[in-house]
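> Got a predicted structure plus its sequence, pasted below:
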Amino acid sequence: MNQPVTRVSGRAYPWGAENIDTDVIIPAHWLKTTTREGLGKGAFETVRSAPGNIFDDPRYAGAPILIAGENFGCGSSREHAAWALGDMGLRAVIAPSFSDIFSGNAFKNGIVAVVLPQAAIDRLMEAAQDGEVTVDLETMTVTTSYQDRFAFEMDAFRRDCLMQGLDEIGLTLARDTAISKFESADRQHRPWISGRGHDASIAV
């Protein structure tokens, strides 16, 4: 289960870089782990190697929002990219467009991927320099400390799952009663499926 998210508010990294692939988000040598813990240390490792990079700027320490450029999350399908972002404390990424696979992985890991036009991104980049940004799933808006307000769209199913904190396991567990009822009825109608009524002496 993920943490339910209805609102993400705080400082935002005003990065804006375009075509950031998953190898930039989390380099390949970090993929040896099967857990999410600790991957935040490797997030944007190559970017962080440069002095004065935005991710180590104390003004944005612990920021839960990243403002990025077009085609964020392109490249390989590694889910570790979403894991790394989550482990470094990001709960939302705002960009003009996302790779489809990354967008799906972000959703599955409780990270809100917000699509806004470039003009809105440009304004958010300015506002984030010294103000806060808020992503609100209830009102479907991104707002700033300077009274900017940008509406966004999101698939209704994804929005509902994010607000309830449901991942794929959670969705299955939420249907536990219906699944159990189906399995019980199916055993009555097709007992051979579960092995009941099978004559082991009959050669196949």
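Everything's here; your move. Numbers count the residues shown, from 1 in each chain.

> Now residue 47. Nearest residue, chain neighbours left out?
Leaving aside its chain neighbours, residue 47 sits nearest to residue 53 (5.4 Å; criterion: C-beta to C-beta, 6 or more residues apart in numbering). Placement of C-beta: from N, CA and C, glycine included.

> correction: residue 97
That would be residue 70: by C-beta to C-beta, 6+ apart, it lies 5.2 Å from residue 97.

> how many neighbours does that neighbour have?
Residue 70 sits with 16 neighbouring residues when counted by other C-beta atoms under 10 Å.

> what does residue 140 give?
Neighbours of residue 140 (other C-beta under 10 Å): 14.

> Wait, residue 105 touches residue 76, no?
No. Residue 105 lies out of contact with residue 76 (C-beta atoms under 8 Å); the separation is 10.8 Å.

> more crowded one of these two?
The neighbour count for residue 105 versus residue 76, taken as other C-beta under 10 Å, is higher for residue 105 (23 against 18).

> packing partners for the helix or strand encompassing that one?
Residue 105 is part of helix 100-108 when elements are defined by DSSP states H and E. Under the contact criterion of 3 or more C-beta pairs under 8 Å, 6 or more residues apart in numbering; DSSP states H and E, helix 100-108 touches helix 80-87, strand 112-115, helix 156-164.

> Please name whichever of the ones you listed is nearest to residue 94.
Residue 94 sits nearest to strand 112-115 of all those, at 4.5 Å, using C-beta to C-beta.
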